[in-house]
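Student: what's the 3D shape of this:
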Amino acid sequence: MKLKTHKGTSKRFAKTGSGKIMRRKAGKRHILTSKRHDRKRRLSGTAVVDPTVVATLNRLLPYA
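Tutor: Next comes the predicted model:
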């Protein structure tokens, strides 16, 4: 039987060609006027997911 992909997870995370899971950084949605420019710049882009949650994400994204 085929496994189902968790659609909420598939919209938030992406797998690279080497198999790493990437995520967006938190904290850049609102109340941006009180945050410094360098902090907002650090929050842009993507980051690699922590190894402690990789097994959980692999279960949620079986075919990604």
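
Student: Please make it C-alpha for all contacts and neighbour counts, starting now.
Tutor: Fine.

Student: What distance do you get for the residue nearest to T46 when sequence neighbours are not counted to K2?
Tutor: Closest residue in space to T46, ignoring its immediate chain neighbours: R24 at 4.7 Å, by C-alpha to C-alpha, 6 or more residues apart in numbering. Taking C-alpha to C-alpha, to the nearest Å as the measure, R24 and K2 are separated by 28 Å.

Student: Please identify which of the two sits among more neighbours.
Tutor: R24 (16 against 6; other C-alpha atoms under 10 Å).

Student: quick one: contacts for the closest residue to L61 other than its chain neighbours?
Tutor: Of all residues not flanking L61 in the chain, T5 sits nearest, at 5.2 Å (C-alpha to C-alpha, 6+ apart). By C-alpha atoms under 8 Å, 6 or more residues apart in numbering, the residues touching T5 are L60, L61, P62, Y63.

Student: Emit the PyMOL select command for whichever of those residues are buried.
Tutor: This is the PyMOL syntax for the buried subset of the contacts of T5, where burial follows 16 or more other C-alpha atoms under 10 Å:
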select buried, resi 60+61
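
Student: so what's M22 bridging to?
Tutor: Beta-bridge partners recorded for M22 (DSSP bridges): A14, V48.

Student: List the residues that contact it.
Tutor: Contacts of M22 by C-alpha under 8 Å, 6+ apart are F13, A14, K15, T16, T46, A47, V48, V49.

Student: now those: which count as buried?
Tutor: For those, buried by 16+ other C-alpha under 10 Å: F13, A14, V48, V49.

Student: if I pick the last one, what's in contact with it?
Tutor: To tie it back to what came earlier, the one meant is V49. V49 touches K20, I21, M22, R23, counting by C-alpha under 8 Å, 6+ apart.

Student: Could you single out the nearest of those to V54?
Tutor: The closest of the contacts of V49 to V54 turns out to be I21 (C-alpha to C-alpha; 7.5 Å).
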